[in-house]
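Novice: Need a 3D model of the following:
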Amino acid sequence: MRTRANASVMCAACCALAATCFLTMPRQPFLFGTIGLPMLAIVCADQRRRDLARLRRRRRERRRRWSEYAAANLGLPNRGDGKFEDYLPLLQPDPAVDYDDDYIEYLKELFRRDFRLSFEAYSTIMDTIRSDLVCRTPRNLRKGEGPLLHFRNSDEVALIALWFLASGDTYRCVASIFRRNCSEAIVMRCVRTFTSVLVAKLRQKYVTRHFPNSEAKRRKAARAFKCWSGFEHCCFVIDGSHIAVSPPKEGHDDYFNRKGWYSIVLSGTVDAVGRFIHIYVGLPGMGSDVQALEESYLDKGAQ
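Specialist: Here you go, the predicted structure:
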């Protein structure tokens, strides 16, 4: 209240000074603009900054009080065990327990159905990216301290991301399935961490290294393609698909595809055995397959 009163007094003083200059010096009205208005603008801007700072403090205090109330009365979200605990005999087997072989095979089949990936392939992937996955986890989550943290190891990060990629569920649904105090923001962090590590570590090892970028590789790919399909002088097959997205506010018309919804174009290239050797994604949905080919520099890579 004192700050607001002082600001009001200063505004009144500036107005009085400007009016006095304007009335007592009629032949020099420019003094009103050169003295009064700049001072008035400075005072108003300062008062505006003070009001915004006060509003931010009130919001922070309100959020803090609500968080304390929710923690004390409502409890943490998604409490209890979730999907991760179902696969603990596979991921973290207890040496003191003698698991039946049929039970282990059942869990592996269930794992393949849930995550659309065999447990052997999952183990191979995790052997390659496990150390990087832990390093990219936020430090407070890496320590495993605090009641709001949901995972304690890299396996849970990977399973959350794989479930999201395999099912297409929303972050809220994935959080409710894995539970253990998991929230939507934590699911988003897991997905982004896992995908970034996966692209950085495995793209060169499993995707781009099979691309026929030399004459010997092209002849080998052409022979394999002829044996499989009967077509000659063919090294790979290209096709595209539209991925639904929420368009940005600026240039959203570029993302409106011919099918009547907003998307981006995914262009994939496979060889004779159905193995991906090149992937490009990001072209707005209005673009054609030819534009996707030009943007991906696939022809230059083949040359």
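Novice: C-alpha only now, for contacts and for neighbours.
Specialist: Will do.
Novice: Might you list the low-confidence residue ranges for this protein?
Specialist: Scanning the chain for pLDDT under 70 picks out 1-44, 67-80, 134-152, 297-303.
Novice: for the residue nearest the centre of it, phi and psi?
Specialist: Nearest to the geometric centre of the chain sits residue 192, at 4.7 Å (C-alpha atoms, centre = their mean). With angles defined as degrees, to the nearest 10, residue 192 sits at phi -70, psi -40.
Novice: Starting from residue 247, give me the distance back to the closest residue to residue 262 other than its chain neighbours.
Specialist: Leaving out its chain neighbours, the residue that sits closest to residue 262 by C-alpha to C-alpha, 6 or more residues apart in numbering is residue 256, at 4.4 Å. Distance of residue 256 to residue 247, given as C-alpha to C-alpha, to the nearest Å: 8 Å.
Novice: try residue 65
Specialist: From residue 65 to residue 247 the distance is 36 Å (C-alpha to C-alpha).
Novice: Please say which of these two ends up with more neighbours.
Specialist: Neighbours were counted for residue 65 and for residue 247 using other C-alpha atoms under 10 Å; residue 247 has more, 18 against 12.
Novice: Checking the more buried one next. Helix, strand or coil?
Specialist: coil (DSSP: H, G, I helix; E, B strand; the rest coil).
Novice: 34 is where my numbering starts, stick with that
Specialist: Shifting the count to begin at 34 puts that one at residue 280.
Novice: List the residues that contact it.
Specialist: 288, 295, 296 (C-alpha atoms under 8 Å, 6 or more residues apart in numbering).
Novice: Relative to residue 189, how far out is the residue nearest to the centre of the chain?
Specialist: 14 Å.
Novice: Could you pull out the residues contacting both of these two?
Specialist: With C-alpha under 8 Å, 6+ apart, residue 225 and residue 189 have no common neighbours.
Novice: shared neighbours, residue 289 and residue 280?
Specialist: In contact with both residue 289 and residue 280: 295, 296, using C-alpha under 8 Å, 6+ apart.
Novice: Look at residue 232 and say how many residues are nearby.
Specialist: If you count neighbours by other C-alpha under 10 Å, residue 232 ends up with 12.
Novice: do the same with residue 193
Specialist: Residue 193 has 27 nearby residues by other C-alpha under 10 Å.
Novice: ok, which stretches of the stretch 184-333 of the chain are strands?
Specialist: Ranges of strands in the stretch 184-333 of the chain, per DSSP state E, counting those that start in this stretch, are 270-277, 296-303, 309-317.
Novice: contacting residues around residue 301?
Specialist: With C-alpha under 8 Å, 6+ apart, residue 301 has these contacts: 271, 272, 273, 309, 311, 312, 313.
Novice: Quick one: the strands in the stretch 34-183 of the chain, in order.
Specialist: So, for the stretch 34-183 of the chain - with DSSP E, counting those that start in this stretch - there are no strands.
Novice: how much space between residue 245 and residue 233?
Specialist: 21 Å.
Novice: Between the two, point out the one with more neighbours.
Specialist: For the pair residue 245 and residue 233, the greater number of neighbours falls to residue 245 (21 against 12), based on other C-alpha under 10 Å.
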